[in-house]
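Asks: 3D model of this:
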Amino acid sequence: MNQPEDIPNGGGRYVWVLSYNGPVEDLNTDLISSASFAEALGLWTPPATEAVEWFDLAAMKDYGFARYLGEASGFDIGEDAARLDALTGVVVMLYSTGLKDKDTRLSPEPPFALIGRYGMPIDLPPVVGIETESAKGQLAQGKPPKSAARISGMVATVVLIFLALFVAAFVWIGG
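Replies: Now for the predicted structure:
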């Protein structure tokens, strides 16, 4: 059995890279969603199938597995580039987005072996203000909402006009 790996609960995005000692044809969505897969990884429940990726590294020899993890996927691989590119065989990538909350530890057993855990950098680039001509100025402001006093005044005006017409009609009829 491999050394267990605690699953961080900080909300960051992580990927666990595992080697698989078997043919890539054996890996499929039925296996990934099964209880035996979860048990082999030491998880309580199977991960979401869309959060598991697997392939034979021979298929990406030209591109490089370290480049795939670092550049294409955005994970911080640190100084592991040479080690990741030296891997051969089948790898399984397990993304933290597919793990359930009660899974707190990853303990893979054969035919799986843990290669490493990689996280996405938390540092966000600073927001840079827009300095173009079209970004200057203000947006047109809408009308402010009518106050209760204004609405009361409008109702009183309508009532007074109605009373004036009513009195004028009686004067005309009586006259």
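
Asks: hang on, residue 22 is in a strand, isn't it?
Replies: No. The assignment for residue 22 is coil, going by DSSP: H, G, I helix; E, B strand; the rest coil, so no strand is present there.

Asks: Help me confirm that it comes into contact with residue 110.
Replies: No. Under the criterion of C-beta atoms under 8 Å, residue 22 is not in contact with residue 110, lying 9.5 Å apart. Using the backbone N, CA and C atoms, a C-beta is placed for each residue, glycine as well.

Asks: Tell me how far residue 163 lies from residue 68.
Replies: When C-beta to C-beta, to the nearest Å is applied, the distance between residue 163 and residue 68 equals 82 Å.

Asks: now residue 144
Replies: For residue 144 relative to residue 68 (C-beta to C-beta), the value is 55 Å.

Asks: Compare those two (neighbour count), which wins?
Replies: residue 68 (18 against 6; other C-beta atoms under 10 Å).

Asks: check contacts around the more buried one.
Replies: The neighbours of residue 68, taking C-beta atoms under 8 Å, 6 or more residues apart in numbering as the test, are residue 60.

Asks: Report the secondary structure state of it.
Replies: For residue 68, the secondary-structure state derived from three-state DSSP is helix.

Asks: switch to numbering from 16
Replies: Got it, first residue is 16 now, which makes that one residue 83.

Asks: What distance do you get for it to residue 72?
Replies: Residue 83 sits at a distance of 10 Å from residue 72 (criterion: C-beta to C-beta).

Asks: now residue 113
Replies: 22 Å.

Asks: and if you look at residue 61?
Replies: Look at residue 61 and residue 72: by C-beta to C-beta, they are 24 Å apart.

Asks: repeat for residue 104
Replies: Using C-beta to C-beta, one gets 6 Å for the distance from residue 104 to residue 72.

Asks: Neighbour count for those two, which is higher?
Replies: More neighbours surround residue 72 than the other of residue 104 and residue 72, with 19 against 13 (other C-beta under 10 Å).

Asks: Quick one: residues contacting that one.
Replies: With contacts taken as C-beta under 8 Å, 6+ apart, residue 72 has the following neighbours: 80, 102-106.

Asks: Those residues in helices, which ones?
Replies: Filtering these for membership in helices, criterion DSSP state H, returns residue 80.
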